[in-house]
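>>> Here is a sequence with its predicted model. Questions after.
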Amino acid sequence: MNTMTALAEMQTVPQSAEQPRQRDKRKIADAFSKAAGQYDQLAEAQKRIAQKVLELCPTAGSDESEIESVLDIGCGTGYWTRRLRDQTQARWVTGLDLAEGMLRFADEQSDNQHIQWLCADAEQLPLPAESLDLVFSSLAIQWCNDYHALFSSIARTLKLGGEAHIATLLPGTLCELEQSWAKVDKKTHINRFTDEQTLIHAIRQAGLTLSATDQYCERMFYPDLRAVFDSIKGVGAHYSEGDAGLTGRHSLLTLKQAYETMRRSEGLPVSYQVLILSLRKL
Ligand SMILES: C[S@@+](CC[C@H](N)C(=O)[O-])C[C@H]1O[C@@H](n2cnc3c(N)ncnc32)[C@H](O)[C@@H]1O
């Protein structure tokens, strides 16, 4: 390898490989389980994002190869798992999630005999090697601790030629809330999102090929701070690694004033920096 190539390659590798995070999966699962009953009504931004991922997935009859088995990682209420079954007509569709409450809700919504629900961690998929044609995942992997474990697990379970379409969130997500909290204290109040280069590094290390990426900002607007909180807590997405503890009245007032400085004509903004990854096992 010549020096120029070596330098160019070094620039695509993260400066310091990310250490596995220490998120408490039990707490994450509990938060999502509690949100199961109201998730589909509140998940407006999540629906727009998942729809884009679904559009990347194969449709029955339009591809030369038949899709037999599909996995939805972090399936939540199973809304997209059911859509995946409709679209692909796959014989085996698995909706996998950490949160038992989500899976109970998902099971109540569907009696489709082609769909099964599985309570498990995306980082240790309990599925046979080379058993999946398609992996779909929307807004789940940003809760993982170890991206090498996650992508290795996907690589192991995909068949040769299999594909994965995954939406996740990048740093800058919920930046308005993060900046407002910074006016209150130095604690960690929101999830810390992993950058694109670290994810791509883990994908390549797992032996998967990145066939496409799409990055964009999905911005929602809410009338007030309570509605902003409801849009996050209501869907169970309020876990953060730092224990920020309870917030007093004075802190909330400071937070509200800071957020108000970002108000636009449409309302208070909430930004999601979305990354959609399309992967293949070649
Ligand atoms: C924001 S919800 C997204 C649900 C659904 N995919 C959608 O787009 O509406 C994230 C889901 O990922 C699940 N999740 C988080 N970490 C996970 C992990 N390590 N393994 C499996 N599921 C996980 C959560 O329990 C939750 O149901």
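On my side now, so go ahead. Numbering: from 1, shown residues only.
>>> Give me the distance between the closest residue to Gln215 other than its chain neighbours and Thr254.
Nearest non-adjacent residue to Gln215, counting by Cβ to Cβ, 6 or more residues apart in numbering: Leu275, 5.1 Å away. No exception for glycine: its C-beta is placed from N, CA and C like everyone else's. Counting by Cβ to Cβ, to the nearest Å, the gap from Leu275 to Thr254 is 32 Å.
>>> Residue in the stretch 151-282 of the chain with the shortest distance to the ligand?
In the stretch 151-282 of the chain, the residue found nearest to the ligand is Ala237; the distance is 5.4 Å by Cβ to the nearest ligand atom.
>>> mind listing what that residue touches?
For Ala237, the contacting residues are Ala31, Phe32, Asn191, by Cβ atoms under 8 Å, 6 or more residues apart in numbering.
>>> Tell me how many other residues surround the first one.
Other residues within reach of Ala31, judged by other Cβ atoms under 10 Å, total 18.
>>> repeat for Ala140
Ala140 has 21 neighbouring residues, counting by other Cβ under 10 Å.
>>> Next: Trp92.
16.
>>> next one: the one 3 residues further on
The local packing count at Gly95 equals 29, with neighbours defined by other Cβ under 10 Å.
>>> quick one: the one helix or strand it maps to near the ligand?
Using DSSP states H and E, Gly95 sits in strand 92-97. Yes: using Cβ under 6 Å from any ligand atom, strand 92-97 reaches the ligand at Leu96, Asp97.
>>> so what strands line up beside that strand?
Strand 92-97 pairs in its sheet with strand 69-73 (parallel), strand 115-119 (parallel), by DSSP bridges.
>>> what does the first one contact?
Around strand 69-73, the neighbours that count as contacts under Cβ under 8 Å, 6+ apart are 78, 80-81, 84-85, 88, 90-96, 122, 125, 127, 131-137, 140-141, 154, 157, 166.
>>> From the residues you listed, list just the buried residues.
Buried members of these, counted by 16 or more other Cβ atoms under 10 Å: 78, 80-81, 84-85, 88, 90, 92-96, 122, 125, 127, 131-137, 140-141, 154, 157, 166.
>>> Keep only those of those residues that are in strands.
The members of the buried ones among the contacts of strand 69-73 that map onto strands under DSSP state E are Trp92, Val93, Thr94, Gly95, Leu96, Leu132, Asp133, Leu134, Val135, Phe136, Ser137, Ile166.
>>> quick one: contacts for the first one?
Think Trp92. Listed by Cβ under 8 Å, 6+ apart, the contact set of Trp92 reads Glu68, Ser69, Val70, His114, Gln116.
>>> any idea which of these is closest to the ligand?
Nearest to the ligand, judged by Cβ to the nearest ligand atom, of the contacts of Trp92 is Val70 at 13.3 Å.
>>> Could you list everything the closest one pairs with in the sheet?
Val93, Leu134.
>>> What is the neighbour count of it?
Neighbours of Val70 using other Cβ under 10 Å come to 27.
>>> This completes my enquiry, with thanks.
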